[in-house]
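Enquirer: Build me a structure from this.
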Amino acid sequence: MGKLADIITRFEPPLKRKRALSAQQCKVFGSVKACRTSRLGASVQTVCACGNEIVAYNSCRDRHCPQCQGRATRKWVAAQSERLLPTRYHHCVFTLPDTLDELVRYNEAAIYDLLFAASSGTLKSFFASDRRFGGVEHHPKRTS
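Expert: Predicted coordinates for the structure are as follows:
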């Protein structure tokens, strides 16, 4: 079993006791745990010179599995890196409180659309009003 499969095997039961997993999450967990094990079958090759058999267990091919998609992920990241503009980038993280998890599970598209709209508005407002980023700081005029 791979490292991620070991982690899933160890922590999936307590996680399931704490919260209900979606069908997709259960499917991914099952795929990763079964990847390259006898549960998915195998092919057997015989080495002609000595007659030894080599067993190659089948992979799950799940896009979330690091054993199956590691090379594809690295290739994708390299291709995306080539598309970056020659400038500094800033990584910003916007999170939702975990109290909204249940709502997100059943309204993913709508909630994430709202999150991206709010995040975009916040960043645009911030950068437009900050001189360090070419914006103009807005101060209310004092009337005295």
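
Enquirer: Going by C-alpha atoms from here, please, whenever you check contacts or count neighbours.
Expert: Fine.

Enquirer: Just the residues contacting the host helix or strand of Gln24, thanks.
Expert: Here Gln24, judged by DSSP states H and E, is contained in helix 23-34. By CA atoms under 8 Å, 6 or more residues apart in numbering, the residues outside helix 23-34 that reach it are 1-2, 4-6, 8-9, 40, 60, 62, 64-65.

Enquirer: could you show me where the helices are in this protein, in order?
Expert: Using DSSP state H, the helices of the chain run over residues 3-18, 23-34, 66-82, 101-106, 108-128.

Enquirer: would you turn the ones you listed into a markdown table with mean neighbour count and distance to Gly134?
Expert: Shown next, in a markdown table, are the helices of the chain (neighbours: other CA atoms under 10 Å; distance: least, CA to CA, whole Å):
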| stretch | mean neighbour count | distance to Gly134 |
| --- | --- | --- |
| helix 3-18 | 12 | 45 |
| helix 23-34 | 16 | 43 |
| helix 66-82 | 13 | 26 |
| helix 101-106 | 12 | 36 |
| helix 108-128 | 13 | 7 |
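
Enquirer: Now render those as CSV, adding distance to Thr46 and mean pLDDT.
Expert: Shown next, in CSV, are the helices of the chain (distance: least, CA to CA, whole Å; pLDDT from 0 to 100):
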stretch, distance to Thr46, mean pLDDT
helix 3-18, 29, 92
helix 23-34, 24, 93
helix 66-82, 24, 88
helix 101-106, 48, 88
helix 108-128, 49, 91
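
Enquirer: mind putting the ones you listed in TSV, distance to Val93 included?
Expert: Output for the helices of the chain, formatted as TSV (distance: least, CA to CA, whole Å):
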stretch	distance to Val93
helix 3-18	25
helix 23-34	23
helix 66-82	19
helix 101-106	17
helix 108-128	9
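
Enquirer: Nearest residue to the middle of the chain?
Expert: Centroid-nearest residue in the chain: His64, 7.8 Å away (criterion: CA atoms, centre = their mean).

Enquirer: Now for it: which residues touch it?
Expert: Here His64 is in contact with 28, 32 (CA under 8 Å, 6+ apart).

Enquirer: Against Cys26, how distant is the closest residue to Cys60 other than its chain neighbours?
Expert: Using CA to CA, 6 or more residues apart in numbering and skipping the chain neighbours, the partner closest in space to Cys60 is Cys35 (4.8 Å). According to CA to CA, to the nearest Å, Cys35 and Cys26 sit 14 Å apart.
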